[in-house]
Structure formats: C-alpha cells, structure tokens
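**Student:** Generate coordinates for the sequence data below:
(one chain, ligands or ions: 1)
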Amino acid sequence: MSVGPLGKDLLGLEPLSADQIRLILDTAEPFKEISERTIKKVPTLRGKTIVNLFFEASTRTRVSFEFAQKRLSADTVNVAASGSSVSKGETLVDTARNLEAMRIDMVVIRHGASGAAQFLAERIESNVINAGDGTHEHPTQGLLDMLTLRDHFGKIEGLKVCICGDVLHSRVARSNIWGLKKLGADVAVCGPRSLLPNAIDAFGVTVFDRIEDAIQWADALNVLRLQLERMQRGYIPSLREYNRVFGVSRERLARAPRDVLILHPGPMNRGVEIDSDVADGPQSVILNQVTNGVAVRMAVLYLLSGGRPELAEAAKGGQR
Ligand code: CP
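**Tutor:** Prediction:
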C-alpha cells in the first residue's frame, strides 16, 4: 500500500484541502496528452494491481478508470456484483479481503450505500478510490467537472456555477459543491424544492427556484439527471412538467446575458432535464468532461500510488 500527497484513499472532496484538489487538477494536465498518442500507454504503474469493484451500473466511470489504469500499465480486474459471490450473499468486506489475499494494491469502488467506500477503506490495507457511493460523493466526477471548467474559463475562482436538477439524490452535486467552494467558485443550486436536500442551507450555496433566474446568474450550469431509480415516491408531477418548468432549453439559454457553459455528468435524460439541441449545441462541453475523466483518473491513480507530482511530466514518457 502506498501513501502519497493525497493520503491513503480518495473518498470525497469534502476532506481534501484546496491545495490537494489543485494538485490533482495540475497533475491531470500532463496526462491528457497520453490519450492523444497513437500508442496510449506509459509504464508508470507497471506492476500495480487494481480491482474495479462496481456494485452499481456505470459506463463512463468504470470504462474511464479502466482506460486510465491500462494507459498507465497497471494490471486491472473488473468485478461486478452480478457474476461475483456478492450475488451469493458475500459481504463487501469479505469480498475485498479475499481480493487483498491475492495481493492487490488498490480498489476502485462504486456502491449504492453512502459511506461504503470509507467503510472499506477503514478495513483494508489497499488504497481505496470512491467511484460513487450512494448520495454521498463522486469525487473523480467533481474533479473532472472542475478540470473542464478550468480548461474553458482558465480559472475556477470567482466562477458562478449553478448545479441544476435532482440535487437531493446526487453525489455529483455534493462533490461539485465541496470542490468548487474550496477553489473559490460561487456555487448555486436550482431545482424543485422536493429535489433539494432539506439541509441545503448548510452547504453554503445560493438557491434558485426558477431555472430562468439561474441562467441569468450563471457562467456555467451543471445539469443533473433525474435519478428516477432512486425515487420511491412522486417527487415531481411528471417528466413533461419537469421539462416545462426546469428543462434547460435553447430558448431559455438564448435569454442569458452571456454564453452559459453547459455540463452534464451523464447519463442524460434528453428532453427531460436537458434538450438535445443544448446537449449537442455549441455551449456544451459534455464530451470534454468525459475526455477529461481519463486524465483526472490517471492523476488520482498516480498520486495515490505515491507518484511525485513534480515527476508527472516525466512519468508520461513513453512511445508517442
Ligand atoms: N457520470 C457517471 O458517473 O456516469 P456513469 O454512471 O456512467 O459512470
């Protein structure tokens, strides 16, 4: 097990300092270029063994962690709940301890329970990376969102970022709020009150009840998916009504005083929280977020493995 400048694990952005967040974003910069090469591979993590333990569905996070690991030459194994002994009732800790007995170095975990990543980190020696736990945090998503904002605006400090939609169920919202505020952004949320946490005031964010007001105010909107699978009761009258009142449409964006940047962590409900001509339009950086996800995850893997930040540029040496 390695302990680098981030400590043993990456469980969330709330526990990190502004300097640690900046360190990850700065370390991601030199790693971006590796994915543009013909041969997308450097030997930086050769000999490291990493298990991706995904107990919930994922496309972007799982695939981009795997690409990040493979591009750094780590040996990786993917374990999903279905098809593993978890489906026979084996506990999370027993699963991880059995994997550790095979001498792994790191676990990337996605789990439906808030706190699952921390629970695991306290019980195993290997480094643990939280790839999304319940409604708690999704730190690498927050980091790649910030990297995308920084790419576009050149800075995070002073930016007005509004997180729109189903904040209540969103670990992405929480990681963005913690990370953006630490780096000096002005953060707001917008959505129906039924989809905002009761304790939203404790997050220190501005609350907009009307999407039109959020669009007038913001430099960037991070539009969240309605997490219908986590809604046991009716939080909204209907999807059509939600789109009519809170949907981000081209007509609404056209009334803004500036070109508002559009982010979405995916997967999108097109025609619900975001219209297709916005998702695919000139103000959208949604696919840039996905591209940046690989570089951010490479940086996190590198730093947690004990990689020295000042050597990240040299660490990406290899065939171009
Ligand atoms: N943004 C995100 O976490 O997407 P996936 O659920 O596809 O990983």
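**Student:** What's opposite Val187 in the beta bridge?
**Tutor:** Per DSSP bridges, the residues bridged to Val187 are Val161.
**Student:** What degree of burial does it show, as a neighbour count?
**Tutor:** Number of residues near Val187 (other C-beta atoms under 10 Å) recorded here: 21. From N, CA and C alone the C-beta is placed, and that goes for glycine too.
**Student:** residues in contact with it?
**Tutor:** 161-163, 176-177, 180-181, 203-206 (C-beta atoms under 8 Å, 6 or more residues apart in numbering).
**Student:** contacting residues around Val128?
**Tutor:** So Val128 contacts 8-11, 106-109, 117, 120-121 (C-beta under 8 Å, 6+ apart).
**Student:** Rebuild the contacts of Val187 as JSON lines, extending it with neighbour count and distance to Ala256.
**Tutor:** Output for the contacts of Val187, formatted as JSON lines (neighbours: other C-beta atoms under 10 Å; distance: C-beta to C-beta, whole Å):
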{"residue": "Val161", "neighbour count": "26", "distance to Ala256": "14"}
{"residue": "Cys162", "neighbour count": "26", "distance to Ala256": "11"}
{"residue": "Ile163", "neighbour count": "29", "distance to Ala256": "17"}
{"residue": "Asn176", "neighbour count": "30", "distance to Ala256": "20"}
{"residue": "Ile177", "neighbour count": "25", "distance to Ala256": "22"}
{"residue": "Leu180", "neighbour count": "26", "distance to Ala256": "20"}
{"residue": "Lys181", "neighbour count": "19", "distance to Ala256": "23"}
{"residue": "Phe203", "neighbour count": "18", "distance to Ala256": "24"}
{"residue": "Gly204", "neighbour count": "9", "distance to Ala256": "24"}
{"residue": "Val205", "neighbour count": "22", "distance to Ala256": "20"}
{"residue": "Thr206", "neighbour count": "15", "distance to Ala256": "17"}
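**Student:** re earlier: only the buried subset of the contacts of Val128, as a ChimeraX command please.
**Tutor:** Provided next is the ChimeraX selection string for whichever of those are buried by 16 or more other C-beta atoms under 10 Å:
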select :9,10,11,106,107,108,109,117,120,121
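**Student:** Give me the subset of the contacts of Val128 that lies in strands.
**Tutor:** Under the assignment DSSP state E, the contacts of Val128 contribute 106-109 to strands.
**Student:** from the stretch 201-320 of the chain, which residue is nearest to the ligand?
**Tutor:** Relative to the ligand, the nearest point of the stretch 201-320 of the chain is Pro265 (3.9 Å; C-beta to the nearest ligand atom).
**Student:** In contact with the closest residue to that residue other than its chain neighbours: list those residues for me.
**Tutor:** Take Pro265 and drop its neighbours on the chain: the residue closest to it by C-beta to C-beta, 6 or more residues apart in numbering is Val172, 4.6 Å away. With contact set as C-beta under 8 Å, 6+ apart, Val172 has these partners: 138, 141-142, 145, 222, 224, 265.
**Student:** Okay, and which of those map to helices?
**Tutor:** In this view, the contacts of Val172 that belong to helices under DSSP state H are 141-142, 145.
**Student:** so which of those also contact the ligand?
**Tutor:** Gln141 (C-beta under 6 Å from any ligand atom).
**Student:** so Phe56, which of the three states?
**Tutor:** One thing to correct before we go on: residue 56 is Glu, not Phe. coil (DSSP: H, G, I helix; E, B strand; the rest coil).
**Student:** wait, doesn't it sit right on Ala113?
**Tutor:** No - with contact defined as C-beta atoms under 8 Å, Glu56 does not count as touching Ala113 (9.8 Å).
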